[in-house]
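Enquirer: When you get a sec, could you give me coordinates for this:
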Amino acid sequence: MGSVPKSAALLLVALLLAVLGASVALAAELAEPQTPPEQAPPPPPPPAPEAPTPTPAPLEPAPEFPETETPVRWRESKAIGKPFAGRLVRGVELPAGGRDYYTWDGPRKVSPSRAWRRYGTDTLVATLLNVVAAHRAAHPDAPRVGIGDLSRPRGGIFDQRFGGLGHASHQNGLDVDVYYPRRDGSERRPFKPSQVDQELAQDLVDRFVAAGAQHVFVGPRLSLTGPRKVVSKLRHHDDHLHVRIHPD
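Expert: Numbers count the residues shown, from 1 in each chain. Purely as a prediction, here's the structure:
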């Protein structure tokens, strides 16, 4: 055989080197981990529907007693301490009179009583007005109920310095004196037991007991009765009953 020309040999070597280089590059490319093409982020989830704003519960309206001569200025009261050693915070004034009751000033023996003698907790005033209204509804021919002392505007001592016999209690807005109805129907304090309409007086006692009174003190010379834990006889109470309610 004849010898291969030198130029052809060089061309063959170059061709072999090119093929070898391409093979190496292909192998390296196959060995490299393939990066997946970037994808667009998923769309955000739709916003959750807003919860409806709750409607606040309406406040319970203050009790209304249109039968009073003037509107009651209701506010939340607080009885501090004991009836014998206490005070009254944010007391409520009982109006001087109304359709079903009148107020009586014991030391002066006149009606109406002075305003500073007519303060109690809101619960006491509401209880008192409810009871006298129910009493008169059941006995439309009965006289209006006489209301005596409650507490002073800020409570505290209510003794003889403030007129009459004074009170050992009546200091924190939980006590009220209620005069017994008179047999003659007049709107005055009864001065002796024989002047008391005991049927109407017993009805008042029963209604205060049913309203949840803590104590009802009645005169020892009257035949008024009630649960022993609530109704008891006490001297100096032959002209009025003394009601004490529970603290809130």
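Enquirer: what helix or strand is residue 130 on?
Expert: Secondary structure assignment for residue 130, by DSSP states H and E: helix 122-138.
Enquirer: what helices or strands is the helix or strand just after that helix leaning on?
Expert: The helix or strand immediately downstream of helix 122-138 is strand 145-147, counting by DSSP H and E. Judged by 3 or more C-beta pairs under 8 Å, 6 or more residues apart in numbering; DSSP states H and E, strand 145-147 is in contact with strand 101-103, helix 122-138, strand 175-179. Any C-beta I mention is one placed from the backbone N, CA and C, and that applies to glycine too.
Enquirer: Name the residues that touch the shortest one?
Expert: Translated: strand 101-103. Strand 101-103 has contacts (C-beta atoms under 8 Å, 6 or more residues apart in numbering) with 94, 96-97, 111-113, 118, 128-129, 132, 144-148, 187.
Enquirer: Would you mind confirming that residue 125 is in contact with residue 90?
Expert: No - using C-beta atoms under 8 Å as the test, residue 125 is too far from residue 90 to be in contact (11.9 Å).
Enquirer: Those two: which is more packed in?
Expert: residue 125 (26 against 14; other C-beta atoms under 10 Å).
Enquirer: circling back: name the member of the contacts of strand 101-103 with the most neighbours.
Expert: Neighbour tally across the contacts of strand 101-103 (other C-beta under 10 Å): the maximum, 28 neighbours, falls on residue 147.
Enquirer: residues of the helix holding residue 130 that come out buried?
Expert: Residues 122-129, 131-136 are the ones in helix 122-138 that count as buried (16 or more other C-beta atoms under 10 Å).
Enquirer: From those residues, pick the one nearest residue 193.
Expert: Nearest to residue 193 out of the buried residues of helix 122-138 is residue 135 (C-beta to C-beta; 20.0 Å).
Enquirer: thinking again about what came up before, could you pull up the mean pLDDT of the helix holding residue 130?
Expert: Mean pLDDT, computed over helix 122-138, is 97.
Enquirer: Return the distance of it from the chain's centre.
Expert: 19 Å (C-alpha atoms, centre = their mean, to the nearest Å).
Enquirer: which helices and strands sit right next to it?
Expert: For helix 122-138, the elements it packs on are strand 92-93, strand 101-103, strand 145-147, strand 175-179, helix 198-210, strand 240-245, judged by 3+ C-beta pairs under 8 Å, 6+ apart.
Enquirer: so which of those comes closest to residue 155?
Expert: strand 175-179 (10.1 Å).
Enquirer: quick one: strands adjacent to that closest one?
Expert: strand 145-147 (antiparallel), strand 240-245 (antiparallel) (DSSP bridges).
Enquirer: the inter-axis angle of the last one versus helix 198-210?
Expert: Direction vectors for strand 240-245 and helix 198-210, defined by axes from the mean of the first three to the mean of the last three C-alpha atoms, to 10 degrees, enclose an angle of 10 degrees.
Enquirer: List the contacts of strand 240-245.
Expert: 83, 121, 123-124, 127-128, 146, 148, 169, 174-180, 189, 201, 204-205, 208, 211-219, 224, 234.
Enquirer: Quick one: mean pLDDT over that strand.
Expert: For strand 240-245, mean pLDDT rounds to 97.
Enquirer: How about the first one?
Expert: Strand 145-147 shows an average pLDDT of 98 in the prediction.
Enquirer: What lies in contact with it?
Expert: With C-beta under 8 Å, 6+ apart, strand 145-147 has contacts from 94, 100-104, 111, 113, 118, 128, 132, 135-136, 176-179, 181, 187-189, 204, 240.
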